[in-house]
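**Student:** for reference, the sequence and a predicted model appear below.
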Amino acid sequence: MSCAEKRGLNNLYMNFSIQPILENERARLVPLETTDFEELFAVASDPKIWEQHPNKDRWQEPVFRSFFDGAMKSGGAFKIIDKATGKVAGSSRFYDYDAAANTIMIGYTFYGTAYWGTGINPSVKKLMLDYILQFVDKVHFHIGATNFRSQQAIQRIGAEKVAEAQVAYYGEPDRHNFVYEITRENWVKPKQ
């Protein structure tokens with residue numbers, strides 16, 4: 001059984017949506033649609049976004065097209081809208097729900113450089129985690145072994161590195177990644 005078939009089978013057993021509309025004071029996450037390609041690519045076409053990512057050429061249109069196709073097939077991808085301006089800030093997604101382990105992944109996240117250091121990423125991650133940890137016990141994140149910016153960002157919100165893995169992103173070759181985890185128990189306990 002292929003990964004896509006397994007993912008589709010797992011999605012059949014979910015009693016929750018992995019593509020709801022999510023919103024807080026900072027951002028609005030709406031399900032990604034095929035008509036969003038040009039608008040999202042306009043954000044993603046900056047090579048600086050991908051310089052620490054394992055797949056550094058994702059700023060090129062054919063490579064981003066494959067990324068976008070994978071986002072659409074995931075059934076859990078979002079367009080992230082900055083509520084202050086109404087502009088597209090980036091994208092993220094829920095994917096690879098595992099019913100047996102009661103886990104899901106959050107990832108494939110990127111933001112335009114204008115949003116770096118503005119607090120939108122922790123705001124979006126909190127929104128996604130508050131929602132999904134109502135339904136699963138653990139959330140995992142794949143982060144490239146050389147993507148220090150994303151490693152620091154995910155650690156700041158409380159994720160812990162639990163493993164290393166070779167990960168093949170949709171339509172792309174295997175790359176060395178770190179696996180980070182946030183559990184329901186650790187997320188909902190009061191922060192000290």
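**Tutor:** Right, received. Where do you want to start?

**Student:** can you name the residues bridging to the residue nearest to residue 103 when sequence neighbours are not counted?
**Tutor:** Nearest residue to residue 103 in three dimensions, chain neighbours excluded: residue 138, at 4.5 Å (Cβ to Cβ, 6 or more residues apart in numbering). Using the backbone N, CA and C atoms, a C-beta is placed for each residue, glycine as well. On the basis of DSSP bridges, residue 138 is bridged to residue 103, residue 183.

**Student:** wouldn't residue 138 be in contact with residue 186 here?
**Tutor:** No - in this structure, residue 138 is not within contact of residue 186 by Cβ atoms under 8 Å, at 9.4 Å.

**Student:** just confirm residue 77 contacts residue 91, I think it does.
**Tutor:** Yes - counting by Cβ under 8 Å, residue 77 touches residue 91, with 6.4 Å between them.

**Student:** sorry, back to before: between residue 138 and residue 186, who's got more neighbours?
**Tutor:** With neighbours defined as other Cβ atoms under 10 Å, residue 138 and residue 186 compare such that residue 138 has more, 19 against 14.

**Student:** list the contacts of the more buried one.
**Tutor:** 101, 102, 103, 181, 182, 183, 184 (Cβ atoms under 8 Å, 6 or more residues apart in numbering).

**Student:** check residue 59 too.
**Tutor:** Shown in contact with residue 59 (Cβ under 8 Å, 6+ apart): 44, 45, 46, 47, 49, 50.

**Student:** and it, how far from residue 174?
**Tutor:** 21 Å (Cβ to Cβ, to the nearest Å).
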